[in-house]
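> take this sequence and fold it.
(chains A and B)
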Amino acid sequence: MRTTIPPAAGLGLKAQHYHEIQTTRPAVGWFEVHPENYMGEGGPPHRHLAAIRRDYPLSLHGVGLSIGGDGPLDDAHLGRLQALVERYEPGLVSEHLAWSTHEGVFFNDLLPLPYTAATLARVAAHIDHVQDVLGRRILLENPSSYLAFAASTMSETAFLAELVRRTGCGLLLDVNNVFVSAANLGFGPEDYIADFPLHAVREIHLGGHGREVDGLLIDAHDRAVADPVWALFRHVLDLVGPLPSLVEWDNDVPEWPVLFAEARAAQALLDEAMAMDPRHALAG
Amino acid sequence: MPWPGDIGSALLAPERPVPSGIDRPERFAVYRNNVVVGLIEALAAAYPATKALVGERFFNAMAGVHVRAEPPTSPVLILYGAGFAAFIEGFAPARRLPFLADVARLERLWLEAFHGAEAAPVPLDALARLPEAALAEACLALHPTAGLLASRHPVAALWAADTGRDTRDAVDLGRAETVLVLRPHDRVELHLLEPGEAAFVAALRAGRPLGAAAEAALAVAPGFRFAAALGRIFAVGAVTAISIRQGCSSHDR
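So this is what the prediction gives:
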């Protein structure tokens, strides 16, 4: 049975922590995985994920569909995703506003696209196709950016708002990506949030970023969430109330207690938002 | 506008110019770096013993050449690198380690077994239910994760030493090893096969019935002991079904 993802702190599930999670069943609201890591036919990854799924709600966060690409979607890949959705019954399924495959080569990165009428139509068609095959709504995540295209004719927030309007998809707001893109492209993160179609947000991501010597921020997911990203998270919670909120730590993965502390920090802010939110206060 | 074709072709080719139409061309290097470093890391995760044998710098340089020559064609990156061993075989700077490609082949079989399909092994006594006269015509279905590597080098010993599983420091480089790789339950296991056993398993994998497989084994190893070999492949969990029919099906993958 599909288990709804609660408006609580979740964590990206890493193989290093399979054992700890299964033996201690820590108080984490939910877990999220990249479905691509579970696209082998069998083996220990499936055994661990099935065991953890019995105890926790699960979200699938894809990195390989290339929804922002100009070519047709890879139906074999979409079929593998569909099989995982049927097997693990995730509460949420999400992907990225980015591309990763071109002419049959998979680049293993979330690459940027220009925001034009033509790319909008294509991405909307891709989302329609994914939602048709999976038979459910998906969430689309705002990217982290290092550069922009001269050809773009609309803002990223307007592009996302129009995708929501055309496809009915939801959004995954990655506040670390907002912070990284804002620093790299020179805009205010709170201005971006103000323009963001917040009514469609169903999940929030948090993660750590690195800083290059020239000041460029890299969306590295290799360290703790930075203070200004926590502040931006709090600002978003003020506007949208508590939502499922995930801490991603994918590289230089720490020992479990360090990662768990990040979830606790996110949960503390969610608890605060829950207490402050009149919608929840009224509901009792 | 040359999107995304120009970007795609420039990502893996450092000699190509930065694509036009982007506002901060110097930042394109971030994507180039992410792509190549990420793919090298994927190979390093799949080939830890190969990496240990040559060291990080050589491995990264060699993997970088391979990544640009054979980038992944699937987003399922956990299975990327199927062509790495063959690439190493032809990679001139690696020739001073003639066993390196076979260590990589073994690691690939290990990875495929790790992620391979599940199947429950059957016990040896399942054979006892067959009429004695039918034994020679029985077909054994080998476990879907079973892989076989016949190497002129002590490939399993090198693998064990370089993944820290065997801490004895002497590996006799003159020894040949044939290895059966298998994940009958939750752990991938490696079994060294004698020449007769190797021929026996290879014949079963090729779809030969038991009698013909035993003859194939005796042809290469006159001392081949059928009952012991049969007991061993059941004991390690390599057999998942027994059937009697005209012709067995091949398991070669």
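
> can we go C-alpha only for contacts and neighbour counts from here?
Fine.

> next one: the closest residue to A:G91 other than its chain neighbours from chain B, what distance?
The shortest distance from A:G91 to any non-neighbouring residue, by CA to CA, 6 or more residues apart in numbering or on different chains, is to A:T4 (4.7 Å). According to CA to the nearest CA, to the nearest Å, A:T4 and chain B sit 27 Å apart.

> helix, strand, or coil at A:T4?
Secondary structure, DSSP: H, G, I helix; E, B strand; the rest coil: A:T4 is coil.

> check the burial of it by counting its neighbours.
A:T4 has 15 neighbouring residues, counting by other CA atoms under 10 Å in any protein chain shown.

> just checking, it touches A:P57?
Yes: using CA atoms under 8 Å, A:T4 makes contact with A:P57 at a distance of 6.7 Å.

> okay, and the common contacts of these two?
By CA atoms under 8 Å, 6 or more residues apart in numbering or on different chains, A:T4 and A:P57 have these common neighbours: A:90-91.

> follow-up on the earlier one: quick check on the residue nearest to A:G91: phi, psi?
As for A:T4, its main-chain torsions (degrees, to the nearest 10) stand at phi -60, psi 140.

> which residues does it contact?
A:57, A:90-92.

> kindly recompute the last result at 10 Å.
By CA atoms under 10 Å, 6 or more residues apart in numbering or on different chains, the contact list for A:T4 reads A:30, A:57-59, A:89-92, A:244.

> next one: B:V30
A:146-147, A:216, A:218, B:11.

> with A:L81 instead?
A:35-36, A:38-39, A:60, A:62, A:64-65, A:75, A:87, A:93, A:130, A:133-134 are the contacts of A:L81 under CA under 10 Å, 6+ apart.

> what of A:D191?
By CA under 10 Å, 6+ apart, the contact list for A:D191 reads A:A182.

> give me the helices and strands touching the helix or strand where A:A275 lies, please.
Using DSSP states H and E, A:A275 sits in helix A:256-276. Where contact means 3 or more CA pairs under 10 Å, 6 or more residues apart in numbering or on different chains; DSSP states H and E, helix A:256-276 is packed against strand A:9-12, helix A:18-24, strand A:201-207, helix A:227-240, strand A:245-248, helix A:278-283.

> could I get the full set of helices for chain B?
Assigned by DSSP state H, chain B shows helices spanning B:5-11, B:28-46, B:48-54, B:56-69, B:84-89, B:100-114, B:125-128, B:155-162, B:195-205, B:210-220, B:226-235.

> low-confidence ranges, the stretch 101-250 of chain B, go.
When residues are selected by pLDDT under 70, those of the stretch 101-250 of chain B lie in B:167-169, B:246-247.

> get me the contact residues on it for chain A.
B:111-119, B:145, B:183-188 (CA under 10 Å from any CA of the partner chain).

> only whichever of these are buried, select them in ChimeraX.
Restricted to buried positions by 16 or more other CA atoms under 10 Å in any protein chain shown, the ChimeraX selection for these reads:
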select /B:111,112,113,114,115,116,117,118,119,145,183,184,188
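
> just want the residue of the stretch 151-284 of chain A that's nearest chain B.
At 6.8 Å from chain B, A:A151 is the closest residue in the stretch 151-284 of chain A, using CA to the nearest CA.

> that residue: neighbouring residues, count only.
A:A151: 15 neighbours (other CA under 10 Å).

> which of the three states applies to it?
Three-state assignment for A:A151 (three-state DSSP): coil.

> OK, contacts around it?
A:A151 neighbours (CA under 10 Å, 6+ apart): A:113-116, B:1, B:3, B:21-23.

> wouldn't B:V181 be in contact with B:L106 here?
Yes: counting by CA atoms under 10 Å, B:V181 does reach B:L106; the two are 8.1 Å apart.

> mind listing the shared neighbours of these two?
Joint contacts of B:V181 and B:L106 (CA under 10 Å, 6+ apart) are B:112, B:147-149, B:156, B:190.

> quick one: which two of those residues are the most distant?
B:E112 and B:A156 (16.2 Å; CA to CA).

> what separates the residue lying closest to A:L206 once chain neighbours are set aside from A:G10, distance-wise?
Using CA to CA, 6+ apart and skipping the chain neighbours, the partner closest in space to A:L206 is A:V247 (4.7 Å). Using CA to CA, to the nearest Å, A:V247 is found at 6 Å from A:G10.

> done for today, thanks.
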